[in-house]
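[1] Okay, sequence plus prediction incoming.
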Amino acid sequence: MSKEFTFEEVAKHNKEGDLWIIIDSKVYDLTRFVDLHPGGANVLLANSVAGKDATDAFFGLHRHEVLLRPQYKRLQIGRIQGEEEIIKPREPGALSKVPYAEATWLADGYHSPYYSDNHRRFQKAVRKFFEEVIQPEALRCEENGKRISQEVVDKMSDLNVIAMRLGPGKHLKGRTLMGGIVKPEEFDYFHELILNTELARFGTRGFVDGMLNGAVIGLPPIWNYGSPELQAKVIPEVLSGKKYMALAITEAFAGSDVGGLQTEAVRDGDYWIVTGTKKWITNGTFADYFTTGVKTENGLTVLLIERGEGVTTKPIKTAYSPTAGTAYVTFDKVRVPVANTLGKVGNGLQVILSNFNHERWMVVGTSVGAQRVIVEECLKWSSQRMVFGKPLTSQAVIRAKLARMIQRIEACQNWLEIITYQMNNMSYNEMSSKLAGPIGLLKQFVSKAGRETAEDATQVFGGRALTTTGMGKFIENYHRTSGFDAILAGAEDVLGDLGVRQAVKKMPAYTRL
Ligand code: HEM
């Protein structure tokens, strides 16, 4: 590996049966690899490649990570005398130096009023843990569609990641968060935002939802409305990752019109008898508990239903990976103890609606995290990709697309941060009354921006944006799945409308032009 060669020496190995090349000052012996090369043998034997410096050719066609895979790393036999490698991978946990690849508060030399040193230390630790432990699992699960392994869930639960993803609150009391970096009473919505944005950086949208999102949206109704006995049993099981949970509201019969739910619960002594179906239930395939909206005699009611007799789940094939556990859930005369009622009978709409703000804000955070990675990918690609002898960035049409992408991500991030700041300074009830409209408008804005960015990025990457592996894999995943942000937790048009209706409702009676 430490052997040194001159360009002249390498140039002698330029044919079938004896083939070397140089990439970024490193010398690779491809003699035996030629016939195994996924891109074919002839491209490696071409005059411009065999025995030459093929750095530009290589980076025009492969991601850096190819060279870091153990099976290819060992093709390196040495390096060029007196030359140093220039292209270096980002260390796990490190920040990117590409402009706009990080939120302003993380960019070198910039400032923010919202984040403290504690947030910075937290972000660093979260990114490192996510890149070292979660990312390999995310890539595996996105591909094979399986549920996140218990081993990784246990590692998350050691750091209390699941509990932190539910936001600040009394459920954090007494817990050691991220190895003690942040005290439970210090943990705020900016810490939680960091978890959400960091989670979305792997280009694995199905996994983002598969990583126990069901608990994030299904558990709050238990601690806000469940009996102490129910809380004592369910909360520790879910926060430790031993049991999975799903929020089961949506039906084929009712989506945005939550009032139209048809799943029915009829009282029979100390039990409810529940019959009906639920569709598009995230994490439903793996869930042990379902926080379920049902129709009762006097309106809607929310019940906690445990998987058991009469409960069946069937995976639904969606545009993203089955690792999200999206399911069709059937309740067939399921007996549910009346003690599992969350809140008052007939008061289900309030239980459901009060839960939505946090869920929508979380979706915005993951969307912003993913969108920013797309901006970085496009900036890198258009700088390194040569067309007509010049980088793509020399084309005005590409620069115009980059300008729109950067403007969109910065607008999304800044609006999200000011809303997050409000959340840090409001009670739960204040948030329900003051932020439902703004969060609805924000979510619509962010998901629309995300899809526009996905379209622009696809044009920047061309055909590579259509393949699930290789250079454009992040763009492909984002383009295929950014629509989920526009639908999950409330369809974007409905949410935009909610924001305006709330504003109209709050118009002072005395205002006139
Ligand atoms: C150490 C040297 C090399 C290794 C380990 C390597 C490995 C790979 C791998 C794993 C792929 C599959 C796609 C991907 O995962 O990105 C690939 C595709 C390809 N490689 Fe290489 N490669 C090397 C050098 C080169 C060079 C110097 C060329 C020069 C022209 C080249 C041309 C191609 C082409 C044309 C493809 C197909 C690209 C596509 O489908 O978009 N490779 N290579």
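    That came through fine.
[2] so how many other residues sit close to Asp268?
    11 (other C-beta atoms under 10 Å). Any C-beta I mention is one placed from the backbone N, CA and C, and that applies to glycine too.
[3] Number the chain from 36, please
    Taking 36 as the first residue, the last one we looked at is Asp303.
[4] Grab the nearest non-local neighbour of it.
    Nearest residue to Asp303, sequence neighbours excluded (C-beta to C-beta, 6 or more residues apart in numbering): Arg370, at 7.7 Å.
[5] Likewise for Asp91?
    Nearest non-adjacent residue to Asp91 (C-beta to C-beta, 6+ apart): Met421, at 6.7 Å.
[6] quick one: contacts for the one you found?
    91, 95, 427 (C-beta atoms under 8 Å, 6 or more residues apart in numbering).
[7] and if we set it to 10 Å?
    Counting by C-beta atoms under 10 Å, 6 or more residues apart in numbering, Met421 makes contact with 91-92, 94-95, 427, 429.
[8] Make CSV out of the residues you listed and add secondary structure, neighbour count and distance to the ligand.
    Below are the contacts of Met421 laid out as CSV (DSSP: H, G, I helix; E, B strand; the rest coil; neighbours: other C-beta atoms under 10 Å; distance: C-beta to the nearest ligand atom, whole Å):
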residue, secondary structure, neighbour count, distance to the ligand
Asp91, helix, 13, 9
Ala92, helix, 18, 4
Phe94, helix, 21, 10
Gly95, coil, 14, 8
Leu427, helix, 21, 16
Ser429, helix, 14, 22
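[9] On the pLDDT front, check Thr353 for me.
    We have a pLDDT of 96 for Thr353.
[10] Ramachandran coordinates for it?
    phi -120, psi -180 (degrees, to the nearest 10).
[11] Around it, count how many other residues there are.
    15.
[12] could I have stretch 314-330 exported to CSV, CA atoms only?
    C-alpha atoms of stretch 314-330 as CSV (Å, rounded to 0.1, in the frame of the first residue of the first chain):
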residue,chain,number,x,y,z
LYS,A,314,-55.5,1.7,5.6
TRP,A,315,-52.0,3.1,5.1
ILE,A,316,-51.1,2.5,8.7
THR,A,317,-47.3,3.3,9.1
ASN,A,318,-45.5,0.6,11.2
GLY,A,319,-48.8,-1.4,11.2
THR,A,320,-47.1,-4.5,9.9
PHE,A,321,-44.9,-4.7,13.0
ALA,A,322,-47.1,-3.0,15.6
ASP,A,323,-48.1,-4.6,18.9
TYR,A,324,-50.4,-1.7,19.8
PHE,A,325,-52.7,0.4,17.7
THR,A,326,-53.9,3.8,18.9
THR,A,327,-57.1,3.6,17.0
GLY,A,328,-59.9,6.1,16.1
VAL,A,329,-63.3,4.5,16.2
LYS,A,330,-67.0,5.5,15.8
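[13] what residues does the stretch 36-185 of the chain put near the ligand?
    Counting by C-beta under 6 Å from any ligand atom, the residues of the stretch 36-185 of the chain lying close to the ligand are 56, 63, 72-74, 78-79, 84, 89, 92-93, 96-98, 101, 107, 110.
[14] Tell me the confidence at the residue nearest to Asp91?
    88.
[15] The residue nearest to Asp303 touches Val309, doesn't it?
    Yes. If you go by C-beta atoms under 10 Å, Arg370 and Val309 touch, sitting 8.0 Å apart.
[16] quick one on the thing from earlier: please flag which of the residues of the stretch 36-185 of the chain next to the ligand sit within strands.
    56, 63 (DSSP state E).
[17] related to what we said a few turns ago, overlap in contacts, Arg370 and Val309.
    Taking C-beta under 10 Å, 6+ apart as the criterion, Arg370 and Val309 both touch 340, 345.
[18] one step back: run through the neighbouring helices and strands of the helix or strand hosting the residue nearest to Asp303.
    Per DSSP states H and E, Arg370 falls inside strand 362-372. Packing partners of strand 362-372 (3 or more C-beta pairs under 10 Å, 6 or more residues apart in numbering; DSSP states H and E): strand 280-283, strand 299-303, strand 306-316, strand 324-331, strand 334-341, strand 346-350.
[19] strands paired with it, and their directions?
    strand 306-316 (antiparallel), strand 346-350 (antiparallel) (DSSP bridges).
[20] With mean neighbour count added, can I get those in a markdown table?
    A markdown table is the format used below for the strands paired with strand 362-372 (neighbours: other C-beta atoms under 10 Å):
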| stretch | mean neighbour count |
| --- | --- |
| strand 306-316 | 20 |
| strand 346-350 | 16 |
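[21] Quick check: which of those strands is nearest to the ligand?
    strand 346-350 (28.7 Å; C-beta to the nearest ligand atom).
[22] how far is that closest one from where the chain is centred?
    25 Å (C-alpha atoms, centre = their mean, to the nearest Å).
[23] does the residue of the stretch 386-535 of the chain found nearest the ligand sit in a helix, a strand or a coil?
    Closest to the ligand within the stretch 386-535 of the chain is Gly505: 4.1 Å, counting by C-beta to the nearest ligand atom. Under DSSP: H, G, I helix; E, B strand; the rest coil, the three-state class of Gly505 is coil.
[24] Look up the pLDDT of the closest residue to it other than its chain neighbours for me, please.
    Residue nearest to Gly505 in three dimensions, not counting chain neighbours: Arg499, with 6.3 Å by C-beta to C-beta, 6+ apart. For Arg499, the model assigns a pLDDT of 96.
[25] returning to that earlier point: now distance to the ligand and mean pLDDT too, for the helices and strands packed on strand 362-372, in CSV please.
    Formatted as CSV, these follow (distance: least, C-beta to the nearest ligand atom, whole Å; pLDDT from 0 to 100):
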stretch, distance to the ligand, mean pLDDT
strand 280-283, 35, 96
strand 299-303, 52, 97
strand 306-316, 33, 97
strand 324-331, 40, 97
strand 334-341, 44, 96
strand 346-350, 29, 98
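[26] Could you point out the helix or strand that follows whichever strand or helix holds Glu452?
    Applying DSSP H and E as the criterion places Glu452 in helix 431-459. Next along the chain after helix 431-459, taking DSSP H and E as the criterion, comes helix 463-496.
[27] Show me what that next one is packed up against.
    helix 383-419, helix 431-459, helix 508-522, helix 527-540.
[28] ok, Ala484 - contacts?
    With C-beta under 10 Å, 6+ apart, Ala484 has these contacts: 402-403, 406, 439-440, 442-444, 446-447, 517, 520.
[29] again, but for Leu174
    Residues near Leu174 by C-beta under 10 Å, 6+ apart: 237-239, 242, 508.
[30] Does it lie in a helix or a strand, and which?
    Here Leu174, judged by DSSP H and E, is contained in helix 170-179.
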